[in-house]
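# fold the stuff below for me.
(chains A, B, C, D, E and F)
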4 protein chains.
Amino acid sequence: MLSRSHPKPLRTGRPRSAAADEAILEATRASLVDLGWSKLTMGDVATRAGVAKTTLYRRWAGKNELVVDAVAVLFDELEMPDLGSLSADVQAVVLQFAALLERPETRTALMAVVAESTRDEALRTRIRDSIVDRQKRLVLQGRQRAQERGELPVEEDEEAASATADLIFDVIAGAVVHRALVSAEPIDADWARRFTALLLAGLEAAASS
Amino acid sequence: MLSRSHPKPLRTGRPRSAAADEAILEATRASLVDLGWSKLTMGDVATRAGVAKTTLYRRWAGKNELVVDAVAVLFDELEMPDLGSLSADVQAVVLQFAALLERPETRTALMAVVAESTRDEALRTRIRDSIVDRQKRLVLQGRQRAQERGELPVEEDEEAASATADLIFDVIAGAVVHRALVSAEPIDADWARRFTALLLAGLEAAASS
Amino acid sequence: MLSRSHPKPLRTGRPRSAAADEAILEATRASLVDLGWSKLTMGDVATRAGVAKTTLYRRWAGKNELVVDAVAVLFDELEMPDLGSLSADVQAVVLQFAALLERPETRTALMAVVAESTRDEALRTRIRDSIVDRQKRLVLQGRQRAQERGELPVEEDEEAASATADLIFDVIAGAVVHRALVSAEPIDADWARRFTALLLAGLEAAASS
Amino acid sequence: MLSRSHPKPLRTGRPRSAAADEAILEATRASLVDLGWSKLTMGDVATRAGVAKTTLYRRWAGKNELVVDAVAVLFDELEMPDLGSLSADVQAVVLQFAALLERPETRTALMAVVAESTRDEALRTRIRDSIVDRQKRLVLQGRQRAQERGELPVEEDEEAASATADLIFDVIAGAVVHRALVSAEPIDADWARRFTALLLAGLEAAASS
DNA sequence: ATATAATCGAGACGGTACGTCCAGTCTTCTT
DNA sequence: AAGAAGACTGGACGTACCGTCTCGATTATAT
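Got it, this is the predicted structure:
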């Protein structure tokens, strides 16, 4: 979002500390781990970051926005590996995602910002842009590889393909999150295998119909 | 002061008002609708219920516990209908669940208490007991009907059957919640149809393997 | 106010426990010692007395009334001794009074109820009846003895005599209380001697004028 | 962070509002008049002063400290006049003091904080510094004038002189307070005359002995 | 004996104020 | 202009007592 068309925005005065930004996000994650979402305070984050509260508010509108930004980057580490088969790839991603949800800073924060977003359209957009939509790439990437391997047919109807991708994304992300956070049961290799089997069999059958 | 085997714990003092309990839960739901989770205050609930704040704290440890109890009852209205086929039954339940998640009092509250529960074991237990586990009945009921109709084979390995039921529950609940609250896309009859097709095909294939 | 014209007030039902009254007053004094006036609570007094809060309120209108009654009895122990001279008698009473004001239950309570009484006419009356006026006897008794000994002339103008007694009472009680509680300086035999000298010299000169 | 001899404690951040201080003390006195000591609440004072409750607590530890400061200034208005004779001067001060004790903000507050101080050493010190000791100046001033006029001999023993001043202060302040607040009788010119006569005669006799 | 009635302990009730904490803003001086 | 520091308003928190009320259980007098 950095593409300003102005060659010089005519910035005067002391420039913002670039180091502060990362220090604040890091402090936010640390505070999340220690205190959890509801106990996290802006003052605490500022203190940990060695920064004044003013500086926080100059850069983020509030607690929600700050936490979304602090947490978003964690989801970028998810990678679709290439293990030779769609099944292996999906299982691996499921386990990666589960591992991410084990970490305390994601655990609380994800649900909390989602909860907040149900009443705040701007926040919902921010979450979708920063977190959700960016992970759909995994689904698309996995499908393309499977198609290259001949495991999946190349879909021609673009719209239907997109709808299916969305559906798969909701099923994978939803099931993993629900298992991890709501049912609060462990997600191990066995569960990943069984879940993947269910998903791929369903996909295959749906595709051949 | 002769200590008989005490069939009654000898309740003394003024008994708690039974009417207050229901008034409070009702007021909590109303406040949830108007203000949402994060803006809801104990004071507001007390005022709406025509009750003193102390009465709330005498019965619930805090906001989280109160909201779980207030919302739990809403989930009991979910019903597994008998529409003649497993597919139709599942689609109907998915749409019911989606409709429930449209309601503002469930929307915010559900995710918020789940988020809180990631740091609070007691709350997690309460949620599981009051909300989650009670809805697993729907899965079991659906399966039994399908087996009676001959749509699904009768599983003999009890443990495997239970694990499969859990998996299905996580997939259904997870996908619906994720679609509704995270992806924030509408859940209509078409989505329900496509999701159900995926699920049942997966189940069938998994069963015959 | 005890002059009921009814020979029998026709009291039926369970009579009030006589033991409770004394237990409550005793508990009040104990609580005063431990907690002081402002921290004393009705609930605490009830617990100490092994009595329900209801029982307190059935007998006293509130904290103020209860404390006045609990403390009043302590002032009755003041005695005007007969040591052979007015000066010795006055010094002895001053020291007795000072000793009474050293005790924690009187220290706090006396000033606190006086403070309350500045806004509460009924309480002011109760204090005057229960505590203040009853101690004026000491002044009258001392004067009479001094007159019998010939140390003081017999006053003929009754009204003037009464006004003088009031003045002396205010001077003695006021000076002792002020020294003990406001100046917070010790009242020892030397102070008592010097104060008495001042007072009696003033009296004598005033009488002979 | 090198600790130099710190001529300035290096005040950083927004300075405290000086205006708020006076507004709060004024509001405290107003609240005292309307509600009296025991009904006065910090919240009410804050509202009257147009200030947040936190601002009060940032500057005063509690109700007691606040009230002492609010009331202390009232006592500074007492003045020892110069009416040509010691007797006239004393009578005038007595009447001034009595008038001060008529005012509702002093009436309740004085006794209440004295009562509290019996359990709180810090408060006792604060009262002595802010109120009591500052009024001893009146005694010293009166004595000096009387000595200049030749009404009183110049005392040589400094210690004895100081003890006498303390005694006189306790007698005057004590008698006036006791008459006004405990006996709850009016202090008029006649009472002031009789009291002054008693006091000065006693003084004279004591001095000549 | 059996009402009738006031008392008792216990503890929940509607309220009010407490003192604390945090959000988000504002004001000062420093960089 | 941005920064650190910290005071500011405003509002919810959860607690503590207040004085009242409802209970079931006692304990008297009056029938």
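# what does chain A have sitting close to DNA strand F?
Where chain A comes near DNA strand F, counting by CB under 7 Å from any atom of the strand, the residues are A:11-17, A:20, A:50-55, A:58. C-beta here means a position set from N, CA and C on the backbone, and glycine is covered the same way.
# any stretches of chain A with poor pLDDT?
A:1-12, A:208-209 (pLDDT under 70).
# in it, what residue comes closest to DNA strand F?
When distances are taken as CB to the nearest atom of the strand, chain A reaches nearest to DNA strand F at A:G13, 1.6 Å away.
# mind listing the helices for chain A?
With DSSP state H as the definition, chain A shows helices at residue ranges A:18-35, A:42-49, A:53-59, A:63-75, A:86-102, A:104-117, A:121-127, A:133-149, A:158-177, A:189-208.
# give me the residue from chain A nearest chain D.
A:A52 (9.7 Å; CB to the nearest CB).
# Provide a list of residues in contact with that residue.
For A:A52, the set of contacting residues under the criterion of CB atoms under 8 Å, 6 or more residues apart in numbering or on different chains consists of A:A46.
# got it, and A:L78?
By CB under 8 Å, 6+ apart, the contact list for A:L78 reads A:93, A:96-97, A:100, A:135, A:138.
# rebuild those as a markdown table, extending it with distance to A:A207 and neighbour count.
Formatted as a markdown table, the entries for those read as follows, by distance: CB to CB, whole Å; neighbours: other CB atoms under 10 Å in any protein chain shown:
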| residue | distance to A:A207 | neighbour count |
| --- | --- | --- |
| A:V93 | 20 | 23 |
| A:Q96 | 25 | 18 |
| A:F97 | 24 | 22 |
| A:L100 | 29 | 18 |
| A:Q135 | 23 | 16 |
| A:L138 | 19 | 20 |
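# surely A:R145 touches A:L83?
No. When contacts are counted by CB atoms under 8 Å, A:R145 is not listed as touching A:L83 (9.8 Å).
# of the two, give the one with the bigger neighbour count.
With other CB atoms under 10 Å in any protein chain shown as the criterion, A:R145 and A:L83 differ in neighbour count, and A:R145 comes out ahead with 19 against 13.
# I'd like the distance between the closest residue to the more buried one other than its chain neighbours and A:Q141.
Beyond its immediate neighbours in the sequence, the residue positioned closest to A:R145 (CB to CB, 6 or more residues apart in numbering or on different chains) is A:D82, lying 6.3 Å away. From A:D82 across to A:Q141, the span is 9 Å (CB to CB, to the nearest Å).
# and what of A:G202?
The spacing between A:G202 and A:Q141, counted by CB to CB, is 20 Å.
# about what we covered before: what do A:R145 and A:L83 both touch?
The contact lists of A:R145 and A:L83 share A:D89, where a contact means CB under 8 Å, 6+ apart.
# check which residues of stretch A:14-27 are buried.
A:20, A:23-25, A:27 (16 or more other CB atoms under 10 Å in any protein chain shown).
# could you do stretch A:181-194 as well?
By neighbour count, and taking 16+ other CB under 10 Å as the criterion, the buried residues in stretch A:181-194 are A:181-184, A:187, A:191-194.
# show me the domain layout of chain A.
Under the assignment automatic domain parsing, the domains of chain A span A:18-59, A:72-208.
# around DNA strand E, which positions in chain A sit nearby?
A:14, A:39-43, A:53-54, A:57, A:62-63.
# would you format those residues as JSON lines with distance to chain B included?
Formatted as JSON lines, the entries for those read as follows, by distance: CB to the nearest CB, whole Å:
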{"residue": "A:R14", "distance to chain B": "35"}
{"residue": "A:K39", "distance to chain B": "8"}
{"residue": "A:L40", "distance to chain B": "11"}
{"residue": "A:T41", "distance to chain B": "14"}
{"residue": "A:M42", "distance to chain B": "15"}
{"residue": "A:G43", "distance to chain B": "18"}
{"residue": "A:K53", "distance to chain B": "20"}
{"residue": "A:T54", "distance to chain B": "24"}
{"residue": "A:Y57", "distance to chain B": "18"}
{"residue": "A:G62", "distance to chain B": "11"}
{"residue": "A:K63", "distance to chain B": "10"}
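# quickly check the residues you listed for the two that are furthest apart.
A:R14 and A:K39 (33.2 Å; CB to CB).
# one step back: between the residues of chain A next to DNA strand E, which has the most around it?
Counting neighbours by other CB under 10 Å, the top entry in the residues of chain A next to DNA strand E is A:L40, with 23 neighbours.
# verify the contact between A:T118 and B:G36 for me.
Yes. The pair formed by A:T118 and B:G36 meets the contact definition of CB under 8 Å, at 7.3 Å.
# overlap in contacts, these two.
Contact criterion CB under 8 Å, 6+ apart; residues bridging A:T118 and B:G36 by contacting each: B:T108.
# who's more crowded, the two?
The neighbour count for A:T118 versus B:G36, taken as other CB under 10 Å, is higher for A:T118 (24 against 20).
# and the residue of chain A closest to chain C?
In chain A, the residue that lies nearest chain C is A:K39 (31.9 Å; CB to the nearest CB).
# can you report phi and psi for that residue?
A:K39 has phi and psi values of phi -90, psi -10 when expressed as degrees, to the nearest 10.
# neighbours of the closest residue to A:R194 other than its chain neighbours, how many?
Setting aside the residues directly before and after it, A:R194 is nearest to B:L167 in space (CB to CB, 6+ apart), at 6.0 Å. B:L167 is surrounded by 20 other residues when neighbours are defined as other CB under 10 Å.
# what does A:A98 give?
Applying other CB under 10 Å, I find that A:A98 has 18 neighbouring residues.
# ditto for A:G142
Other residues near A:G142 come to 22 when the count uses other CB under 10 Å.
# for it, give its distance to B:L167.
To B:L167, A:G142 is 20 Å away according to CB to CB.
# isn't A:R126 right next to A:V68, touching?
Yes. Taking contacts as CB under 8 Å, A:R126 lies within contact range of A:V68: 5.5 Å.
# which one's more surrounded, the two?
Set side by side, A:R126 and A:V68 show more neighbours around A:V68, with 23 against 19, by other CB under 10 Å.
# my read: the more buried one touches A:T125, true?
No. In this structure, A:V68 is not within contact of A:T125 by CB under 8 Å, at 10.4 Å.
# burial check on the closest residue to A:P81 other than its chain neighbours, number of neighbours?
Distance criterion CB to CB, 6+ apart; nearest residue to A:P81, sequence neighbours excluded, is A:A92 at 5.0 Å. A:A92 sits with 17 neighbouring residues when counted by other CB under 10 Å.
# likewise A:A109?
In terms of burial, A:A109 registers 26 neighbours under the definition other CB under 10 Å.
# from chain B, how far off is it?
Between A:A109 and chain B the distance is 8 Å, computed by CB to the nearest CB, to the nearest Å.
# over to A:L78?
If you go by CB to the nearest CB, the gap between A:L78 and chain B works out to 15 Å.
# then A:L83?
Applying CB to the nearest CB, one obtains 21 Å for the distance of A:L83 from chain B.
# and the spatially closest residue to that residue that is not a sequence neighbour, what does it touch?
Nearest in space to A:L83, with sequence neighbours left out and distances taken as CB to CB, 6+ apart, is A:D89 at 5.4 Å. Listed by CB under 8 Å, 6+ apart, the contact partners of A:D89 are A:80-83, A:142, A:145-146.
# let me have those in CSV, extended by distance to C:A72.
Formatted as CSV, the entries for these read as follows, by distance: CB to CB, whole Å:
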residue, distance to C:A72
A:M80, 87
A:P81, 88
A:D82, 93
A:L83, 91
A:G142, 89
A:R145, 94
A:A146, 95
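# and the two most separated of those residues?
With distances taken as CB to CB, the most widely separated pair in the contacts of A:D89 is A:P81 and A:A146, at 13.1 Å.
# neighbour count winner among the two?
Neighbours around A:P81 and A:A146, counted as other CB under 10 Å, are more numerous at A:A146. The numbers are 19 against 13.
# for A:V90, see how far away that one is.
Taking CB to CB, one finds A:A146 at 9 Å from A:V90.
# same deal with A:R145?
Plainly put, A:R145 is 11 Å away from A:V90 if you go by CB to CB.
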